[in-house]
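Student: take a look and give me a structure for this.
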Amino acid sequence: MKLYLLQHGKAHTAEEDASRSLSQKGVAEITRLAEFLKPKNIAIERILHSGKLRAQQTAEILNKGLVPTIEPEVSNMINPNDDPKAFAWQHESWDQNTLIVGHLPFLAKLVSMLVVNDENQPLLAFQPGTLVCLERSDNNNWQVCGMIRPEMLV
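Tutor: Model prediction:
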């Protein structure tokens, strides 16, 4: 099983847009990511996002570009300051390749918790539009099997 963790695309600041929608740069970067991933035929069976506009828009761009046959779902457990333990306690029962579109620090803490069992151990340098792929082994251990940052796709 693979878990794809994506920090939402670059968003407007709260001063520019109170709803924090994706900026033009954010839309362009996430669109490029979808175009890059499309020919790879990545099997995503479920898409979760936080419900915040920037995460929803990011999820919709990837959904449309990669797997338009599934409907993205809102999770109230993946907001910026949510506890990754509350979300991940059920990870042994996960059985679908899942894309999670979320925020920092939640995503970084979730990666650290799953990979080294310490949410406070920084492992990866996320930035808006960063995609990380984790893979679960047969003995339920997680490992990083890939990472793409927006500047890699220009």
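Student: helices or strands next to the helix or strand of the chain with the lowest mean pLDDT in the packing?
Tutor: With mean pLDDT, DSSP states H and E as the measure, the helix or strand of the chain carrying the lowest mean pLDDT is helix 84-88 (a mean of 88). When contacts are defined as 3 or more CB pairs under 8 Å, 6 or more residues apart in numbering; DSSP states H and E, helix 84-88 sits against helix 106-116. Using the backbone N, CA and C atoms, a C-beta is placed for each residue, glycine as well.
Student: list the buried residues for the helix it packs on?
Tutor: By 16 or more other CB atoms under 10 Å, the buried positions in helix 106-116 come out as Phe106, Leu107, Ala108, Lys109, Leu110, Val111, Ser112, Met113, Leu114, Val115.
Student: show me the helices in this protein, by range?
Tutor: In order along the chain, the chain carries the following helices (DSSP state H): 24-37, 53-66, 84-88, 106-116.
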